[in-house]
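Asks: Build the 3D model from these lines:
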Amino acid sequence: MGIVAKVGREQESRRPNKILSTLESVTRRRISPHLQSVMREPGAVLCEPGDVLEYAYFPVGCVLSLQTVLENGSAIETANIGSEGAFGLSAVLSNRVSSNRGVVLWRGPLIRCPLDALRDEVSDEAVRRLCAVNSELIMTQVQQNMICNSRHDTTARLCRWLLTMHDRTGGECVAYPRTLLADILDETYGSVALAAQSMQTEGLVTYQRGTLCLVDRAGLEQASCECYAIVRKRLDA
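Replies: Sure, this is the predicted structure:
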């Protein structure tokens, strides 16, 4: 289940969550007693489609993947969330039934808050605005990823995904099985391996046994499709 602890100021300051940091001080003081730091490992599932959400999660060091699950059990990533956003925050203003699978992509802490505590704050216009902004950020990714998956080749999309992970974690290497990367990119295992090998040949990454290490960041940005820059600009706004 992972490690649960009270939130400490020193821990959150390492990679502050933008949504929590934007809350007005009086609201933050009211919800602070309810906040817990939760450590989760890659692959940990926070919820499945149809689950009733109990918490909103605010990444402060990890990255979450939002996935749409098909009837045959396969899943496609529609968005991912780092310290700029939150997962489950839309349930503050709507029903609590999740339409996505939430999966940890990168090990690190999240700050979780019971939805009941956040729902007590819905009279605060700033809280409602943050919920709307977070939903817009996620929707921007969903829409761009939909276009990206239908129009751009595997190599360009893998470059985009690796750049996004580097932005959110600062990590030069990501180690994932090809099955997960194939699901994220909505591609076959073989296509992902060929794309990674092509990127290695171009000197953009090193690739061995499912581990991708960034070598040439500028080159990756040139090889990526325009979707990376579009989403990055929106997230940085």
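Asks: Which is the succeeding secondary structure element to the longest helix along the chain?
Replies: Across the chain, the helix with the greatest residue count (assigned by DSSP state H) is helix 125-151. Per DSSP states H and E, helix 125-151 leads on to helix 154-169 as the next helix or strand towards the C-terminus.
Asks: pLDDT (mean, whole number) over that following helix?
Replies: Average pLDDT, helix 154-169: 92.
Asks: What is that helix packed up against?
Replies: When contacts are defined as 3 or more C-beta pairs under 8 Å, 6 or more residues apart in numbering; DSSP states H and E, helix 154-169 packs onto strand 63-69, strand 101-106, helix 125-151, helix 178-185, helix 189-201, strand 211-214, helix 217-223, helix 227-236. To be clear about C-beta, it is placed using only N, CA and C from the backbone, and glycine gets the same treatment.
Asks: export those to a markdown table and tack on mean pLDDT and mean neighbour count?
Replies: Shown next, in a markdown table, are the helices and strands packed on helix 154-169 (pLDDT from 0 to 100; neighbours: other C-beta atoms under 10 Å):
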| stretch | mean pLDDT | mean neighbour count |
| --- | --- | --- |
| strand 63-69 | 93 | 21 |
| strand 101-106 | 93 | 22 |
| helix 125-151 | 91 | 16 |
| helix 178-185 | 80 | 19 |
| helix 189-201 | 91 | 17 |
| strand 211-214 | 88 | 18 |
| helix 217-223 | 95 | 15 |
| helix 227-236 | 91 | 16 |
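Asks: Include distance to Y57 when you put these into TSV, please.
Replies: Formatted as TSV, the helices and strands packed on helix 154-169 follow (distance: least, C-beta to C-beta, whole Å):
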stretch	distance to Y57
strand 63-69	7
strand 101-106	7
helix 125-151	11
helix 178-185	19
helix 189-201	28
strand 211-214	26
helix 217-223	28
helix 227-236	17
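Asks: Out of those, the one nearest A56 is which?
Replies: In terms of C-beta to C-beta, the element of those nearest to A56 is helix 125-151, at 9.2 Å.
Asks: domains for the protein, by residue range?
Replies: 3-142, 152-236 (automatic domain parsing).
Asks: The helices and strands packed on helix 154-169: which one's closest to L158?
Replies: That would be helix 189-201 among these, by C-beta to C-beta, at 4.8 Å.
Asks: how much distance is there from that closest one to the middle of the chain?
Replies: Computed by C-alpha atoms, centre = their mean, to the nearest Å, the separation of helix 189-201 from the middle of its chain amounts to 23 Å.
Asks: what does the very next helix or strand once past it rub up against?
Replies: Once the chain leaves helix 189-201, the next helix or strand it forms, by DSSP H and E, is strand 205-208. Outside strand 205-208, the residues within contact range by C-beta atoms under 8 Å, 6 or more residues apart in numbering are 162, 196-197, 199-200, 212-216, 220.
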